[in-house]
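In: sequence and predicted structure below; questions after.
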Amino acid sequence: MRPTLPTPVLPFCSFLYREDLYPKMEFLKPWETWFKNSVIFHHPFCSMTEYYSKEMGNPLNRFYLIGLETFPREVILEGKLKAQEEEKKFKIEDARTVNIDFGVLSLENVVLATNKPFAHRLYLTDGVYMDLTYIFQDKTFNKLPWTYPDYAHSEILNFFNLAREVLLKKIREKNHLSIKNLDTNDAIC
């Protein structure tokens, strides 16, 4: 039996930043170039502001950028390493002023890249782990017990569900997969 090749993914970033330092969000340009076609989603909920403000200061703002072109799943490693390099460019006195979460959205899950190990995180290489953030079940993405509070918010989940519909349409258009009911399958085995 031949292994099943995975479907492509949509890459995304979550940006937490000092809005007083970067009103024009210049840190966004390399990501828009890399993703080519993308959309920004602003949402005021950010439960991690107090945690990050110790290092980054205030006021903090958050938004999400999702690429609308498909990439192979292996992009998660490249994206995390790029995020680390981009964060360094905006450090002031060795403190971050921009925090960039990189992840990928597939038909069956959403995965964030991180440098911190934990029981539910799988190691890739170069100090990068994969954090399973959502699973697709019962026709929607579902949070998990360890999903970060920011990602657990219902409107953020809705945004990722809409992005999944874009991915599904792109896969069908490109005929990447010959499974008929991609939108109703809870898991692709």
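Out: Thanks, I have the structure now. Numbering: from 1, shown residues only.

In: next, count neighbours for residue 1.
Out: Residue 1 has 3 neighbouring residues, counting by other Cβ atoms under 10 Å. (C-beta placed from N, C-alpha, C; glycine too.)

In: what's the first-to-last distance across stretch 20-32?
Out: Terminal residues of stretch 20-32 lie 21 Å apart, using Cα to Cα, to the nearest Å.

In: quick one: contacts of that stretch?
Out: Stretch 20-32 is contacted by residues 13, 15, 17, 38, 59, 65, 82, 86, 89-90, 92, 97-98, 100 when judged by Cβ atoms under 8 Å, 6 or more residues apart in numbering.

In: where are the low-confidence patches of this structure?
Out: In the predicted model of the chain, residues 45-49, 176-189 satisfy pLDDT under 70.

In: please enumerate the strands of it.
Out: All strands of the chain, identified by DSSP state E, fall at 10-18, 38-42, 60-67, 98-105, 109-114, 121-125, 128-137, 140-143.

In: what's the most distant pair in the contacts of stretch 20-32?
Out: Longest distance between any two of these is 26.8 Å, between 38 and 92; criterion Cβ to Cβ.

In: higher neighbour count, the two?
Out: Neighbour tally, residue 38 and residue 92, criterion other Cβ under 10 Å: the higher count belongs to residue 38, 19 against 11.

In: contacting residues for the more buried one?
Out: Counting by Cβ under 8 Å, 6+ apart, residue 38 makes contact with 31-32, 65-68.

In: rerun at 7 Å
Out: Residues near residue 38 by Cβ atoms under 7 Å, 6 or more residues apart in numbering: 32, 65-68.

In: now residue 68
Out: 10, 37-39, 166.

In: do I have it right that residue 7 meets residue 107?
Out: Yes: the pair residue 7 and residue 107 passes the contact test of Cβ atoms under 7 Å, sitting 5.7 Å apart.

In: pick out the residue closest to the middle of the protein.
Out: Here the mean C-alpha position of the chain is nearest to the C-alpha of residue 103 (Cα atoms, centre = their mean), at a distance of 3.0 Å.

In: which one is that one nearest to, not counting chain neighbours?
Out: Distances taken as Cβ to Cβ, 6 or more residues apart in numbering put residue 112 closest to residue 103, at 4.1 Å, once the chain neighbours are dropped.

In: just checking, the one you found touches residue 134?
Out: No: the pair residue 112 / residue 134 is not scored as a contact, 9.7 Å apart, by Cβ under 7 Å.

In: so between the two, which is more surrounded?
Out: Between residue 112 and residue 134, counted using other Cβ under 10 Å, the more crowded position is residue 134 (25 against 22).
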